[in-house]
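**Student:** What would the 3D arrangement of this be:
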Amino acid sequence: MQTFRKAMGLSVNGLALKAGVSAGMISQIERNKANPSLKILDKLRIALDVPLSAFLEGASPVANTTRSIATSHDDGHIIRRLADRPKFNVGSAPLYKELLSPSGSEGMQFMIIRMPPHAKNEDVVIAEGQKGGLVIEGELTLSIQGRKSVLYMGDSFQFEGNCPHGIYNNTDADVVVLWIMTSFRPIHM
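**Tutor:** Okay, here's the model as predicted:
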């Protein structure tokens, strides 16, 4: 993020004002001392006019022993190899996220989210567009406009992204979800 900020000629305070995020948070993110929520990252990417994937592509990848097999006909804007997936933590839980969308893709983003036991995520991006997912493992509680539903492995969901929502793991085991978001315009609240 620091590279994008400096390329725009912004100080930490300048970016903080433009994004509506505290200067302290920006400083912590740039020094890898914080796990910001996607909501905060979204505010920063809008202020810097970059796709969310630009931040995530630069994230330090978690060690992966799978070898990336690239061929001459592969297009990095179409294919995301298993070994090349950015992996990162967000929020206070933290949630472990693995980006599946190809590099630089726009219009739709999808990722795998792993929630530790008793984790919750209420600090979500509220925006126009669609959100959906598939519970791959465990038991997920999904709240949309205050109405909670429990979903089990194999259950799927889809809703308008501009609805207040949150996800919860109320169990003693990890929950793994395939999460999908379509193109959206943020709604500032």
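**Student:** Run through the helices of this structure in chain order.
**Tutor:** Using DSSP state H, the helices of the chain run over 2-7, 12-19, 23-30, 38-48, 52-57.
**Student:** which parts of stretch 145-158 are buried?
**Tutor:** Neighbour counts over stretch 145-158 (16 or more other Cβ atoms under 10 Å) mark 151, 157 as buried. (Each C-beta comes from the backbone N, C-alpha and C, glycine too.)
**Student:** same deal with stretch 85-96?
**Tutor:** Under 16+ other Cβ under 10 Å, the buried positions of stretch 85-96 are 85, 86, 87, 88, 90, 91, 93, 94, 95, 96.
**Student:** Spatially, which two of those residues are the most separated?
**Tutor:** The most widely separated members of the buried residues of stretch 85-96 are 85 and 93, with 19.9 Å between them, by Cβ to Cβ.
**Student:** can you pull the contacts of residue 96?
**Tutor:** Neighbouring residues of residue 96 by Cβ atoms under 8 Å, 6 or more residues apart in numbering: 87, 88, 89, 113, 114, 116.
**Student:** go with 6 Å
**Tutor:** Residue 96 sits next to 89, 114 when contact means Cβ atoms under 6 Å, 6 or more residues apart in numbering.
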